[in-house]
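In: attaching a predicted model along with its sequence, questions to come.
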Amino acid sequence: MAKQECFVDVGSLTTRLNNRSSELNPDNHTSLITVLSSTHGRDRRRQRRISKGDLQAAVKYGKKEFAEPNSKGEQMLKYTHADIVYITDLTSRKEITSWVVPGFGIHIDKINITKEMKDDHLKACDLINSDKTKWTSHTVCVIDQSGSMRKADVGEHAASRSDVVWASLAIDFVLNRIKAGLATSTDVITVICMRRHCTIQLKCQPTDEILYNKIIDLLNSSEPLSGGNYIPALDLAEKMLHENPCGSCSLMLLFLSDGKPSDIIRNPYKGCKSPTSGMSVSERYAFYIVPKAAKLAQTFGRRLSISTMGFGPADEDFSILKRMSSAAKDYGSMTNHINSSLDVKALSSGLVQFSSTLTTQKTECTELSTGALRTVQRVTREARNAHLLDKTTGVNESSSWTVYKDRTEIRYRVKWDLEEDIFLPMEEKTFGSVAVAVHKSIFGEGAERMVRRFREVDVNGEFVGNKLVAKESRFVEDTEQGIKFHESFCKTQAEASRVAEAFNQRLDELSSRKNNLGSLPRVRFLSCSVFAIYRKPYDLGLLVEEMLDPTLYKKWNGNNGYVLDRKKVNQSFQPTLDPLFEEEEEEEDDLTEQEYMGRSKIKPDDVPQAFSHFSYFISDRKMLICDLQGVLDETTTPPMFALTDPVIHRRKRFSKNYKTASEYGRTDRGDKGCKEFFRTHKCSALCHLMKKTSRMETPI
């Protein structure tokens, strides 16, 4: 049999493909065997480059055994010969289907395992089994191994979907992460194969070279069969995600499929009308499958990321995968959904993106100064928009609230004083308020804090005043700090408010010169206070501020260079003048304000970026305010950006805590944070206008 060695790039490794010739030269005995080829079989053979001679040889010389019954329960025969699997009816005369064996045409060398590697692997396995507090992450990979994954339609060499997925998982998600130092033996991986019956192929394995070899073994042995049933796969994944109850372990569900579910949905309510009666097949799938993803997110929140990938033809229906991701996001989980078609590069980059999300989760659960793991609190969660459906007017109508009374259970209420640099008592409260109510479930979760509904309550248990939110730390280790935990957040928000006043004043001045800027939104940061509530063994500290409409909530920029609607961060972009380390003033240009205005139209979304840039210049390059998030209130004149949870990056040479912690908390990334902002920032006309005027004033 003629073979031609070819090369295909999968991830960062070059993988050899042995491209079989399209035709065998069968001898006379083989050609005498009559095989009735169905249209279905001819299509399969064409997809896998199997000739009729291959099939005839398989029947005559191959290993014969019973195949798994088809969906109708009909028994079939299975022949295996010369890297070909051939399914026939019981007469061996009618072809049903055929495919090449797993790993056909792909050869990836396994890593040579030394004695030291074996010893390290055994120690890692012992640690994983004996002390689950040491796990840094647990990724549960659900890999579609339904019959369609046998299709050899990936790339010009027609590699099978299954083979390419296993290869990419081994290379991009395991080996490359090890090489980059992004994964160690405390990062645990479980692999589930999704067929009609789902099975665990690798359970709680340390991420090391031996795991890489085991996945290569799956490439060469795992046989795609039957349908891909989402429901049992998700049930098994849920069981494995609960394998480690420690709140310090970051979790990921990596769910990859080449098509829609194959589950047979039966009415679970015998004798009664099915709740899905009248629904389309897709809607029935969504009814039973999507809530399972939501349940996982409701249990684990942001500690879990749900990353779904469709690896099939561009016109394949991946709506269920997408809805699984969307449902998880409603409960605070980090989510990714990628349709990679049948593109090897898209598959590879998707797994890299999933890896990046997991790294973010691990960073959040790590104390940066010591490297110790931080434990996420166990809480109940509600969907982020649940309050919109809640029509209750007081605590007596629901058991979902915990009430704390003034004087007896509320120790005090304070507000940050920027001039004194301390918390000062705050007595003001809504008229008629005698207590506060805190919702038992959180509805939002960020990197550092989680958010609950909060209301003031009168003597009759009725809500009074505006809807509020209460924020507290995500982590158990911070609970003993009480109100001190909120100090850096209050200080940051107060400082941002002061800069916002200066920014708005500049906009007002520019508007007075008839530059048509009067309709541009202004900026404000929410006013916040902190409640100290009696609770054993430590007081509960809650940062309270007004509730913003979560349906309008946006993040306009981040603390890592993220910009809203900027599809891709340009890693290579650098400003012509690096403003971080250039001590001389930039040269003034000769353009007038009107000429700047004529360059391009200033849009409302330009305001947050211009504000961040303005904060850098108005502070004489000492700090930069970013991570701007909140809502744009267009009911006021002029419109107003109502923002919360900003980040201040304080340049280290100007920081009071130069040799210790960051001045504005864990999110203060100093010079690096400033540099990330300017790496992606593109000045608008508003930036130039604000920059020219800001130089004329005394810096804040």
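Out: Structure received.
In: other SSEs contacting the longest helix along the chain?
Out: Determined from DSSP state H, the single longest helix within the chain is helix 487-511. On a contact count with 3 or more C-beta pairs under 8 Å, 6 or more residues apart in numbering; DSSP states H and E, helix 487-511 meets strand 410-417, strand 522-525, helix 606-618, strand 623-626, strand 640-644, strand 647-650, helix 685-694. Quick note: C-beta positions are derived from backbone N, CA and C, even for glycine.
In: and of these, who's closest to residue 389?
Out: When these are compared by C-beta to C-beta, strand 640-644 sits nearest residue 389, at 22.9 Å.
In: can you list the strands that the closest one pairs with?
Out: Using DSSP bridges, the strands paired with strand 640-644 are strand 522-525 (parallel), strand 629-633 (antiparallel).
In: which of those sits closest to residue 367?
Out: Between the strands paired with strand 640-644, strand 629-633 lies closest to residue 367; by C-beta to C-beta that is 24.5 Å.
In: which residues are contacting the closest one?
Out: If you take C-beta atoms under 8 Å, 6 or more residues apart in numbering as the criterion, strand 629-633 is touched by 521, 526, 548-549, 552-556, 604, 639-645.
In: mind redoing it with 7 Å?
Out: 521, 548-549, 552-556, 604, 639-645 (C-beta atoms under 7 Å, 6 or more residues apart in numbering).
In: where does pLDDT dip in the stretch 351-500 of the chain?
Out: For the stretch 351-500 of the chain, no stretch has pLDDT under 70.
In: quick one: residue 87 and residue 76 touch, right?
Out: Yes. Counting by C-beta atoms under 7 Å, residue 87 touches residue 76, with 5.4 Å between them.
In: returning to what we had before: please point out which parts of the longest helix of the chain sit buried.
Out: 487-497, 499-500, 502-504, 506-507, 510 (16 or more other C-beta atoms under 10 Å).
In: repeat for stretch 179-197
Out: Neighbour count says stretch 179-197 has 183, 185-196 buried, by 16+ other C-beta under 10 Å.
In: can you check stretch 127-140 too?
Out: 128, 132, 134-140.
In: residue 239: which of those residues is nearest?
Out: Once C-beta to C-beta is applied, the member of those that ends up nearest residue 239 is residue 140, at 9.3 Å.
In: doesn't that closest one lie inside a helix?
Out: No. Counting by DSSP: H, G, I helix; E, B strand; the rest coil, residue 140 is not found in a helix; it is strand.
In: make residue 1 into 23 and carry on from there
Out: Sure thing, new numbering starts at 23, so read that last one as residue 162.
In: what's across from it in the sheet?
Out: Here residue 162, judged by DSSP bridges, has bridge partners residue 212, residue 275.
In: and it, how far from residue 299?
Out: 33 Å (C-beta to C-beta, to the nearest Å).
In: follow-up on the earlier one: mind checking which of the buried residues of stretch 201-219 are in strands?
Out: Within these, residues falling in strands by DSSP state E are 209-216.
In: hang on, the earlier thing: shared neighbours of residue 109 and residue 98, anything?
Out: Contacts common to residue 109 and residue 98, judged by C-beta under 7 Å, 6+ apart, are 89, 118.
In: who's more crowded, these two?
Out: When residue 109 and residue 98 are compared for neighbours, residue 109 comes out ahead with 20 against 16, by other C-beta atoms under 10 Å.
In: for that one, name its beta-bridge partners.
Out: Residues in beta-bridge contact with residue 109 (DSSP bridges): residue 100, residue 119.
In: contacts only, for it.
Out: Residue 109 neighbours (C-beta under 7 Å, 6+ apart): 89, 98, 100, 118-120.
In: not counting its neighbours along the chain, what's nearest residue 167?
Out: residue 215 (4.3 Å; C-beta to C-beta, 6 or more residues apart in numbering).
In: thought the one you found was touching residue 168?
Out: No. With contact defined as C-beta under 7 Å, residue 215 does not count as touching residue 168 (9.6 Å).
In: could I get the pLDDT score of the spatially closest residue to residue 539 that is not a sequence neighbour?
Out: Leaving out its chain neighbours, the residue that sits closest to residue 539 by C-beta to C-beta, 6+ apart is residue 533, at 4.5 Å. Here the pLDDT value assigned to residue 533 is 84.
In: same deal with residue 112?
Out: At residue 112, pLDDT is 83.
In: gap between it and residue 370?
Out: 43 Å.
In: tell me the one among the contacts of strand 651-655 nearest to residue 399.
Out: residue 667 (18.5 Å).
In: give me the pLDDT value at the closest one.
Out: Looking at residue 667, its pLDDT stands at 95.
In: beta-bridge partners for the nearest residue to it once chain neighbours are set aside, please?
Out: Excluding the flanking residues, the one nearest residue 667 by C-beta to C-beta, 6+ apart is residue 651, at 6.1 Å. Per DSSP bridges, the residues bridged to residue 651 are residue 577, residue 666.
In: and for residue 651, the neighbour number?
Out: Neighbour number of residue 651 under other C-beta under 10 Å is 21.
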